[in-house]
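Novice: Sequence and predicted model, in that order:
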Amino acid sequence: MNTLKKFELMEKIVRELEDLQNSQQALIQKIGKIEVDNIELGEKRLEKDLPDIHQNLADNLDTISGILDYFADKTQNFGDKNNVDALKEQEAINNATS
């Protein structure tokens, strides 16, 4: 895999991790809303299980955020180290002249 293709794949993974992070945040918000609604309802099974689900989702979000931070930095460093902007310009020139 050439350098530019590798960088583009790394960028794609960063975007997917961002999407995963946003999805996880949305799930936490939904569980929170159910927990609030259940305060009025008082359903015992929900009272028992929802806090565990909420905590697991929060733990997953922390893990995803850590991975995203790490991989976004790694991607940026890879791009800087390999002068990806110049590679993109050269590819654009090559495509224009082909």
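Specialist: Thanks, I have it.
Novice: counting contacts, what elements does the strand or helix carrying residue 78 pack onto?
Specialist: Element membership for residue 78, per DSSP states H and E: helix 44-81. Helix 44-81 is packed against helix 3-41, with contacts defined by 3 or more Cβ pairs under 8 Å, 6 or more residues apart in numbering; DSSP states H and E. Every C-beta, even on glycine, is put in place using the N, C-alpha and C of the backbone.
Novice: And the contacts of stretch 64-84?
Specialist: 3-4, 6-7, 10-11, 13-14, 17-18, 20-21, 24, 85 (Cβ atoms under 8 Å, 6 or more residues apart in numbering).
Novice: Of those, which is the nearest to residue 46?
Specialist: Distance ranking of these against residue 46, using Cβ to Cβ, places residue 24 first at 20.5 Å.
Novice: From residue 58, how far out is that closest one?
Specialist: Here residue 24 is placed at a distance of 9 Å from residue 58 (Cβ to Cβ, to the nearest Å).
Novice: Neighbour count for these two, which is higher?
Specialist: The residue with more neighbours, out of residue 24 and residue 58, is residue 24; 18 against 15, by other Cβ atoms under 10 Å.
Novice: Please name the residues that touch the nearest residue to the more buried one once chain neighbours are set aside.
Specialist: Distances taken as Cβ to Cβ, 6 or more residues apart in numbering place residue 61 nearest to residue 24, at 4.5 Å, with adjacent residues excluded. Taking Cβ under 8 Å, 6+ apart, we find residue 61 in contact with 21, 24-25, 28.
Novice: Show me which of those are buried.
Specialist: Buried residues within those, counting neighbours by 16 or more other Cβ atoms under 10 Å: 21, 24, 28.
Novice: Residue 68 versus the second one, what's the distance?
Specialist: When Cβ to Cβ is the yardstick, residue 24 and residue 68 sit 11 Å from each other.
Novice: And residue 33, by the same measure?
Specialist: For residue 33, the distance to residue 68 - Cβ to Cβ - is 25 Å.
Novice: Name the residue in the two with the higher neighbour count.
Specialist: Between residue 33 and residue 68, counted using other Cβ under 10 Å, the more crowded position is residue 68 (17 against 10).
Novice: The more buried one and residue 47, how far apart?
Specialist: From residue 68 across to residue 47, the span is 32 Å (Cβ to Cβ).
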